[in-house]
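**Student:** Test case, fold it:
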Amino acid sequence: NSNNNNNKNPLHFTSLLGVSSHSNFFYTFDNNNPLLSHRQFHTVSTTTMSSKEELEALIAQQGNHVRQLKKDGAPKEEIVAAVAELKKRKTTLNEKFPPEKPFNREGFEDLMKRRFFYAQAFEIYGGVSGLYDYGPTGCAIMNNIQSEWRRHFIMEEQMFEISTPAMTPAKVLKASGHVERFADVMVKDMKNGDCHRADHLLVDVMEKRIKDKKTTSEEKTEYQRVIDLVDAYDMAQLKELFEKYEIVSPFTGNALSDPMEFNMMFKTEIGPTGDSPGFLRPETAQGIFLAFKRLYEFNNGRLPLAGAQVGPAFRNEISPKAGLLRVREFTLAEIEHFVDPEDKSHPKFKSVANLKLPLYTSQCQLDGKPLVHLTLQEALDKGIVSSETLAYFVGRIFLFIKKLGADMDKVRFRQHMPAEMAHYACDCWDCELHTSYGWIECVGCADRSCFDITQHAKASGHEMLASKRLPEPITRDVVCVVADKKKCGPVFKKDAKLIFKYFASLSNEEAEVFEEKIKEGPVTLSIDGKDLTVTPDIITIQRKKETIHEKKFVPSVIEPSFGLGRIIYSLLEHSFGCRDNDDHRQWLALAPIIAPVKCSLLPLMDKPDFAPCLDELARQMTVHNVSFRRDDTGVSIGKRYARTDEIGIPFGITVDYDTLSTNTVTLRERNTMKQIRLPVNDVALLVSQLCTGHKQWDDAVSQFGEVQTGSSN
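**Tutor:** Predicted coordinates for the structure are as follows:
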């Protein structure tokens, strides 16, 4: 509309996208007489749009216009025309991006339990939320992913793997900030005491309201905005949102408490006296930080270096849910890459520089815009990723997730927004995988700066520095604070050591500040929780010149951290499907590299004549380090194929009557269900090559030729 009644203001609507035969049109309104408003067609070129987000935006725009016409009492023919255009846009969206069939989570979870990928722990006692057992298939997938992780990162990057205790003294986690800061925000049902994690409950409520047909498009946009920014809200903002949207307890409808912090670490006592409090570690990283000095010496005093560790971690989740996605005990694989803070270049960055990644930048999130696809070189040049080393590891994570068989259309890298950035980080990216529960953080890659090493050095009193040779020696003035040992002994007794240690650790700048203070009289020092007062008569300030040939510094840390349980769950969801849309023919398209069993050995029938060949095949499989499963039960070969498909076995060898005369077998590939026939002595090596990626199935079909059988299904 226009305030100038003499002006006719056309409202322009882009018509069907990507369909050049359709025309755009204008609505023209006579502001003096709305009843004379009319629809005029103009043939113009149609703008071709490619993204789903852009199409959805145009549909939302047209939907708003239809509602406005109805609200304004516009003529019927205008409303009909606008509705027709809305339907056209929806049709275009559905044609270009067909709606996905809803994920069959019930069938998926039934398969996970029935074939024992994982199940709730302590099940016969009713189970405990957030604790799970991995069955034979789940354990095998976990082991395969860990093996590939070690190959992809530890071996290729020449990292040092260590193993440190899960039981951690409280003073370690106090120094790292976990005792004070490792908390989530929860709300409590005011009547029955049920606890809910505040941000998760907020998201659940927003998603439910978005799905409500009565919700307007403006409200849906608002609710989605809340979901997008949920990680950035602090406790006060969460309180405001809970009040604004009148959120109550989801199961009882009771009022909720104000949001409050809950520390997620499991507390325990080390030893029988109770004098040594501790925690089960919430991450494996701290053990690597504490081992830095030994790793540095092991690496001959050179940086960069990387320590790595795989092991259990523990977090006392407020409301565990979503299977393996939010649990109280889980397996982490973490890397701490120590680097000179003044030189975060990486010699191998060029190998990943041209990888194009889906980046959901901090700015995109704040502006409410979709993610962008950029090469890592472009992201680095634009200042989106803070350093070359961080970008390198983001690229390596991308390649690792791809190698594991994730659906790459369901992978993105989300940058932490400023308000959600960990207290120690200066840049952080999460590799998120989309599941039926939404986007799930599976890998974090953070620049932790020098925080952890600095904190542990300060709390322990042990120097944790690296050094580098200077191009030219530097001469500098050094200020030293020296305490008189003869005078300190009688005054401070056993605490005298604390005084000496404190002054020895002072930097030049700190020593100069102390010098100014001691000139004015006694100074009280707080050391290890004790207040110790030193007087000028026991202190000497010494100045001397020092020639320095090397520079000492606190290293920075780049940390890729992998939640292996979350990765496993996401990969299982991505690979789950049903043959011919038959819910009873479930299968898993797991990548061979992580499949729990690589090959099945199947006799066509349960006949003694087939046993010698099966025994020989089993021997050859073992020689080539190929895991296999032998199924010689009496059921049909088709049903046995279905069994192997359910647990994701990628290849199946069938011994049939032709084997007895030609010494050949058939090899079936799970995804295509195609088969080839080849000599018994060649099949184990071929399966090994197919599973490691050294050979592709199409190559095998070209070499041996496809055979038609009636049993591949």
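**Student:** and Phe279, what does it touch?
**Tutor:** 168, 170, 173, 178, 265-268 (C-beta atoms under 8 Å, 6 or more residues apart in numbering). Bear in mind the C-beta positions are built from the backbone N, C-alpha and C, glycine included.
**Student:** What about these, which one has the most neighbours?
**Tutor:** Thr168 (23 neighbours; other C-beta atoms under 10 Å).
**Student:** What pLDDT does the model give that one?
**Tutor:** We have a pLDDT of 95 for Thr168.
**Student:** any idea where the helices of the stretch 501-650 of the chain begin and end?
**Tutor:** Counting by DSSP state H, counting those that start in this stretch, the stretch 501-650 of the chain has helices at residues 508-519, 564-575, 611-623, 637-646.
**Student:** Ok, which of the ones you listed comes nearest Leu69?
**Tutor:** Closest to Leu69 of those is helix 564-575 (C-beta to C-beta; 42.3 Å).
**Student:** Quick check: the two most widely separated of the contacts of Phe279?
**Tutor:** Pairwise distances across the contacts of Phe279 (C-beta to C-beta) peak at 14.3 Å, for the pair His178 and Thr268.
**Student:** list the contacts for Asp184?
**Tutor:** 197-199, 261-262, 264, 317-318.
**Student:** Now do the buried residues in the host helix or strand of it.
**Tutor:** Using DSSP states H and E, Asp184 falls within strand 183-188. Neighbour-count burial for strand 183-188, counted by 16 or more other C-beta atoms under 10 Å, picks out 183-188.
**Student:** From those, pick the one nearest Arg640.
**Tutor:** Nearest member of the buried residues of strand 183-188 to Arg640, counting by C-beta to C-beta, is Asp184, at 46.9 Å.
**Student:** hey, what's the closest one bridged with?
**Tutor:** Following DSSP bridges, Asp184 is listed with bridge partners Phe262.
**Student:** For Lys350, see how far away it is.
**Tutor:** When distance is defined by C-beta to C-beta, to the nearest Å, Asp184 is 40 Å away from Lys350.
**Student:** got it, and Cys578?
**Tutor:** From Cys578 over to Lys350 the distance is 43 Å, taken as C-beta to C-beta.
**Student:** Compare these two (neighbour count), which wins?
**Tutor:** Cys578 (14 against 11).
**Student:** How about that one: which residues does it bridge to?
**Tutor:** Gln586.
**Student:** got the contact list for it?
**Tutor:** Contact analysis of Cys578 by C-beta under 8 Å, 6+ apart lists 104, 107, 584-587.
**Student:** Just the buried residues of the residues you listed.
**Tutor:** Using 16+ other C-beta under 10 Å, the buried ones in the contacts of Cys578 are 104, 586-587.
**Student:** Out of those, which one has the weakest pLDDT?
**Tutor:** Ranking the buried ones among the contacts of Cys578 by pLDDT, Asn104 lands last with 90.
**Student:** Give me the nearest residue to it, chain neighbours excluded.
**Tutor:** Asp583 (6.6 Å; C-beta to C-beta, 6 or more residues apart in numbering).
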